[in-house]
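Participant: Give me coordinates for this.
(one chain, ligands or ions: 3)
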Amino acid sequence: MAAGHFVEMKKRGEKFVVLTAYDAPTARLEAEAGVDIIMVGDSVGTNVLGYASEREVTLDDMAHHIAAVRRGAPGVYLIGDLPYATYDSEAQALASAARLAQAGADCVKFEGAQPDIVRALKREGYEVCCHIGLESQHQEGKRRQGKTAEAAAKLLADALALDAAGADFLVLELIPRELAAKITERLRAPTIGIGAGADCDAQVLVVHDLAALGTRDFKHNRRYVELGAALRAAVAAYARDVREGRFPAEENGFSLEAAELAALEKIIA
Ligand SMILES: Nc1nc(=O)c2c([nH]1)NC[C@@H]1CN(c3ccc(C(=O)N[C@@H](CCC(=O)O)C(=O)O)cc3)CN21
Ligand SMILES: CC(C)C(=O)C(=O)O
Ligand SMILES: [Mg+2]
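Facilitator: Numbering: from 1, shown residues only. Ligands and ions are numbered 1, 2, ... in the order given. So this is what the prediction gives:
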């Protein structure tokens, strides 16, 4: 599948569904549930690897997790994040994109208004997702973006420039819904919103957030299941059973045949 498929969906007014995954079993279950695009974000750093910031994520980290997701969901369109400081020049962006494509990404995503990087990647045949609004790699405070008319106009101009450069998708993060709607209306490329209102062509969430596996709540998120609480309770029940001799049970193991047991006792007598 190629990015053009999602441009056709945009033209028909059909929403599509994007969700992060970082490992094979989660990717498999997302494919089974009918997710249209899996995103292997640099959010792997803070959500899975225990890093304090997205900035600590390396190209090796991304390749490792992209390959795992690709094994779990061989047929799903996969967008992979280029991590911090791996697209500072056209040559560096091309080398980094090659690495992620080799690992199994169909499309590479990077943060910021850099139409030259888009053109360089497109020239070499890569599909490209841009990402503006809140840029975790480049903004220390995680705050709403595009709150003034001037800031909003700048983001719209950036979006138009990236679209004109040939971007295949545009992630809009934490911007006002009216601005996201105007950007979505004016772009050829489908927009993928997170905290950017319902008028984007697609939505993305971090899977740990929708499953409530993380440590904090976000205003842009909806918790669809309390997996964190369920897992903690399951682990506590397992620990209690082990300590009280109730796990494992007979059925969780197996026995020596009576004749073998008798023979063993002779040998070691
Ligand atoms: N678990 C997780 N979920 C995400 O959505 C996510 C990541 N990680 N890592 C990468 C980026 C960073 N994102 C973030 C990070 C923080 C806020 C945040 O602090 N939101 C505030 C509102 C801020 C404001 O309104 O100015 C909140 O209270 O939810 C939002 C998106 C989205 N992405
Ligand atoms: C939140 C999404 C858009 C992202 O960039 C990530 O998961 O890293
Ligand atoms: Mg990211």
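
Participant: Say whether ligand 2 is contacted by stretch 164-171.
Facilitator: Yes: counting by Cβ under 6 Å from any ligand atom, ligand 2 is contacted by stretch 164-171 at Val171. C-betas here are computed from N, CA, C, even on glycine.

Participant: Can you name the residue of the stretch 151-269 of the chain nearest ligand 3?
Facilitator: Nearest residue of the stretch 151-269 of the chain to ligand 3: Val171, at 8.0 Å (Cβ to the ion).

Participant: Buried ones in whatever helix or strand Arg232 lives in, by neighbour count?
Facilitator: Using DSSP states H and E, Arg232 sits within helix 227-243. Neighbour counts using 16 or more other Cβ atoms under 10 Å place Leu227 of helix 227-243 among the buried residues.

Participant: same deal with stretch 152-172?
Facilitator: Taking 16+ other Cβ under 10 Å as the criterion, stretch 152-172 shows 152, 155-156, 158-159, 162-163, 165-172 as buried.

Participant: in the stretch 51-200 of the chain, which spans are helices?
Facilitator: Secondary structure of the stretch 51-200 of the chain (DSSP state H, counting those that start in this stretch): helices located at 59-72, 90-103, 115-123, 149-165, 177-186.

Participant: between the ones you listed, which gets nearest to Ile192?
Facilitator: Among the helices of the stretch 51-200 of the chain, helix 177-186 comes nearest to Ile192, with 9.9 Å by Cβ to Cβ.

Participant: on that earlier part again, check which helices and strands the helix holding Arg232 sits against.
Facilitator: Judged by 3 or more Cβ pairs under 8 Å, 6 or more residues apart in numbering; DSSP states H and E, helix 227-243 is in contact with no other helix or strand.

Participant: Extract the C-alpha set from it and format it as CSV.
Facilitator: Taking C-alpha atoms only, helix 227-243 is exported to CSV below (Å, rounded to 0.1, in the frame of the first residue of the first chain):
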residue,chain,number,x,y,z
LEU,A,227,-5.1,-2.0,31.3
GLY,A,228,-2.6,-0.5,33.8
ALA,A,229,-5.0,-1.1,36.7
ALA,A,230,-5.9,-4.6,35.3
LEU,A,231,-2.2,-5.6,34.9
ARG,A,232,-1.3,-4.3,38.4
ALA,A,233,-4.1,-6.4,39.9
ALA,A,234,-3.1,-9.5,37.9
VAL,A,235,0.5,-9.2,39.1
ALA,A,236,-0.5,-8.7,42.7
ALA,A,237,-2.8,-11.8,42.5
TYR,A,238,0.1,-13.9,41.0
ALA,A,239,2.5,-12.7,43.7
ARG,A,240,-0.1,-13.7,46.4
ASP,A,241,-0.6,-17.1,44.8
VAL,A,242,3.1,-17.9,44.6
ARG,A,243,3.7,-16.8,48.2
